[in-house]
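> Sequence first, predicted model second:
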Amino acid sequence: MICGVISIVIQVASFLYGEPVQKHVIQTFRIWTWLFYFLLGAEMKTLKVWISAHISVVSHFLLCIGVTIIIIAFENYVGCKKILEITGALHAEYFYDSPCEMFWIALIFSFLLRIDFSGSVSKYITGLASLTMGIYIVHPLILRITVKIIGNTSIFRSIVYWLVTTLCAVVITWIIKKLPFGECLIKI
């Protein structure tokens, strides 16, 4: 709870200041954010039970889609007009402390916990999950290229930019994992 309050205060301060307050602490040392999401993960089962008792799966899915569209529009607007970096549009990492982002992530994960995945789908999810550290390491390099080619000046471009960056990061990380000693480089 305290970590969530700290995150929200930092996000509000960023709005008031007009630039991300978090930029003064590198992402890996933003302990308040890491702890908040770690503790949120610990509460996901309880949250899922509460949501399951109050919202149908279809309503939950539609809510996820609606909130996703709103989040994309909101963060695109805020990142281009309200909270700015010297280099231009705001990076996604500065939204992790946003209460809107926290709600969205909790909503999506609680929805995913409600789905009973088959064995083959679980196999793909597990395979993709094993690439996450590599994706985290590789994606900043890909971002530098995709932002120049695609840009992120509109909602449509931001979505394409995200999709292309994610797909490229997954493919490159998968290739690295297949190389000798590559798995050691991307293992969590």
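Right, received. Where do you want to start?

> Low-confidence bits of this protein, can you list those?
87-90, 186-188 (pLDDT under 70).

> need the helices for it, in chain order.
For the chain, applying DSSP state H gives helices covering 2-17, 31-54, 57-77, 99-114, 119-129, 132-149, 155-178, 182-186.

> For the second one, which outside residues touch it?
Here helix 31-54 makes contact (C-beta atoms under 8 Å, 6 or more residues apart in numbering) with 3-4, 6-7, 10, 22, 60, 96-97, 102, 105-106, 109-110, 113-114. Backbone N, C-alpha and C define where each C-beta goes, glycine included.

> do the same with the first one
Applying C-beta under 8 Å, 6+ apart, the external contacts of helix 2-17 come out as 20-22, 32-33, 35-36, 39-40, 78, 82-83, 94, 96-99, 102.

> tell me the angle of that helix relative to helix 31-54?
110 degrees (axes from the mean of the first three to the mean of the last three C-alpha atoms, to 10 degrees).

> Quick check: buried residues in helix 2-17?
Under the neighbour-count criterion of 16 or more other C-beta atoms under 10 Å, helix 2-17 has 3-4, 6-7, 10-11, 14 buried.

> how about the nearest residue to residue 82, chain neighbours excluded?
Of all residues not flanking residue 82 in the chain, residue 15 sits nearest, at 6.4 Å (C-beta to C-beta, 6 or more residues apart in numbering).
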